[in-house]
Structure formats: C-alpha cells, structure tokens
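> fold the following and give me the result.
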Amino acid sequence: MRIDQLLASARERLAVAGSPSVRLDAEVLLGHVLERDRTWLYTWGDREIGGDALSRYERLIGRRIAGEPVAYLTGEREFWGLRLRTVDATLIPRPDTETLVEAALACATQTSGRALDLGTGSGAIALAFASERPDWQVIGVDRVAAAVTLARDNAARLGIANATFLESDWFAALADQRFDLILSNPPYLADDDPHLALGDVRFEPRSALVAADDGLADLRHLVAAARAHLSPGGWLLLEHGMTQGAAVRGALNRAGYGEVTTLDDLQGRPRVSSGRFGTSS
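Alright, predicted model coming up:
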C-alpha cells in the first residue's frame, strides 16, 4: 500500500476510535516503523509499504486504537528538546511539566549549585535542568528501580554528565545532604479523579499519579520534609493539579517558606508552586 493511502486509512480508523491527535498519531507511528521523520513521509507519499513494515504498523495502529499511549508504543518522547526513552514503569513526560523546569531555571541564578529531582521517573526534569545548567550537580531519585535504570540510560544516551540517579523513597537515601534547589512532580491526583479513566493516563503507573488526602498527601509531605535538605535560601518547587495551588501555597506558608508563589502552565492553569527556605514571607 502507498504511504499516503496507508496514512489516510490509519487516520480514519483512529478518528472513529476517538484519538485526540489523529494525524500526529498516524504519522509518528509510521515514522517510527520506517525510521523516518514526518517530512519524509510527506515527500515520499507515493512509495509502497508492505511486508514486515506494514504488519508492524498495523499492529501499532491497533494498539493505539485500544488506547495505548504513543510514547509507550514508540518507546520515546521529546521533552525540553531532549529525546527520552520511555517505558510503562514511568509517567510520560508532558509539555505542562516544562513549566516546572522553567521555574527552576529562573531560581538557579548562581553559576553552580546542587539540585534534587524527587520522583524522577524517566529523568526528564533532572536532565532538562542539567542540560541548561552544566556547572550544577543534579541528582534524581525514584523508589522504582526500573525508573532509575531508565533515567541513567537517558542521561548516558544524551551525554549529560552532571546528572546522576539513585534509588530512594523520597529523601530516604540522601542522609543529611542539602541542596540549593529541590523540585518534584509528585503524585497529586485523588483516588477518584475522573482523569484516571481518560486517555494515556489509563496506562500509566497509578503509584506515580495518585496520592491520599485528595491528592495532597505527597505534596504536603515534601513541603515538610524538604526543609531538612534545603540550604539556606534554597528553593522548593512542586508541580500540582490546577485546583491545588491555594492548598500548596498554604502548606508552604505554614511551614515557614518565603517568597511563596504559583505559576501557570502553557494552558494558563495553576501548575507550579514554590517557596524559599530560610527567608521571611
């Protein structure tokens, strides 16, 4: 079958299945199978595809129709311009989380320092920050061994030498280490959040999504525990749900952080709250 005909057929089936990104899904999956970019697919739309390549593509389209995330089907996702490997043991990096990276970079005004990414998953946040601040030492931790292995692999593939990754349940393996910057995208969905039944989230690890206390338990724990690991004047930055900004700011203020604020994501939704340790509010 010709490439253009194959893509048209795939788009039609994905549309019937309710895919939110019909054209992108069809093209990314075919580009993955053929090891070509989307521009090549447009340029050579009259080329015939058959055999194993066609069979592999049809299997991937079938799995996407069933709802599986494209990032898991291709095994990769771009974040902050970095091509990261993805596996189903970790969350899929999302554009909204780039707000957390931007906020961290704005706080990292000194030439060098130490940053900690809690619950690092694929290493996306730690590696994005490390790529922009090569003179900083960046540590990412995760309690899931498969996530730590993946993050280390991504760092090696990208040649980012100033980021290291450890297996740790939050701060457990860090003893009395202190950091100039601590950032995290922790679980923050409530157990009954309707988003858990929608889209890619259905296939992502629930342990990385859901927290007790209406999704606030881990956020509140990090606000309290981070004080023992922040250097004076250090920043804590937390990603959270769009309705949780007031609660997180309240927790930061009660814990004695100063300069407490919340930033909006790319869609204009409250997404990242931060505070500075050792300063007056």
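> would it be right to say that Gln110 lies in a strand?
No - with DSSP: H, G, I helix; E, B strand; the rest coil as the criterion, Gln110 is located in coil rather than a strand.
> now do the contacts for it.
Asp180 (Cβ atoms under 8 Å, 6 or more residues apart in numbering). From N, CA and C alone the C-beta is placed, and that goes for glycine too.
> against Ser168, how distant is it?
According to Cβ to Cβ, to the nearest Å, Gln110 stands 25 Å off from Ser168.
> look at Val201 and report its pLDDT.
Val201 carries a pLDDT value of 93.
> count the neighbours of it for me.
As a burial measure, Val201 scores 16 neighbours (other Cβ atoms under 10 Å).
> so it sits against His195, correct?
Yes - counting by Cβ atoms under 8 Å, His195 is a contact partner of Val201 at 5.6 Å.
> in stretch 16-32, what's buried?
Ser19, Val22, Asp25, Ala26, Glu27, Val28, Leu29, Leu30, Gly31, His32 (16 or more other Cβ atoms under 10 Å).
> again, but for stretch 76-93
So for stretch 76-93, counting by 16+ other Cβ under 10 Å, buried means 76-77, 79-80, 82, 84-87, 89-93.
> and stretch 98-105, by the same measure?
Across stretch 98-105, burial judged by 16+ other Cβ under 10 Å covers Glu98, Thr99, Leu100, Val101, Glu102, Ala103, Ala104.
> residues touching that stretch, excluding its own?
Outside of stretch 98-105, the residues within contact range by Cβ under 8 Å, 6+ apart are 79-80, 115, 125, 128-129, 132-133, 181, 183, 185, 235, 237, 239, 263-266, 271-272, 274.
> quick one: average pLDDT of it?
Mean predicted lDDT for stretch 98-105 stands at 98.
> can you check stretch 206-213 too?
96.
> first-to-last residue distance for that stretch?
15 Å (Cα to Cα, to the nearest Å).
> repeat for stretch 151-166
End-to-end distance for stretch 151-166: 9 Å, by Cα to Cα.
> may I see the buried residues of that stretch?
So, applying 16+ other Cβ under 10 Å, buried residues of stretch 151-166: Ala151, Arg152, Asp153, Asn154, Ala155, Leu158, Ile160, Asn162, Ala163, Thr164, Phe165, Leu166.
> same deal with stretch 209-225?
Neighbour-count burial for stretch 209-225 [16+ other Cβ under 10 Å]: 209-211, 214-223.
> what is the neighbour count of Ala172?
Using other Cβ under 10 Å: Ala172 sits among 11 other residues.
> switch to numbering from 577
Done: numbering now begins at 577, and the last item shifts to Ala748.
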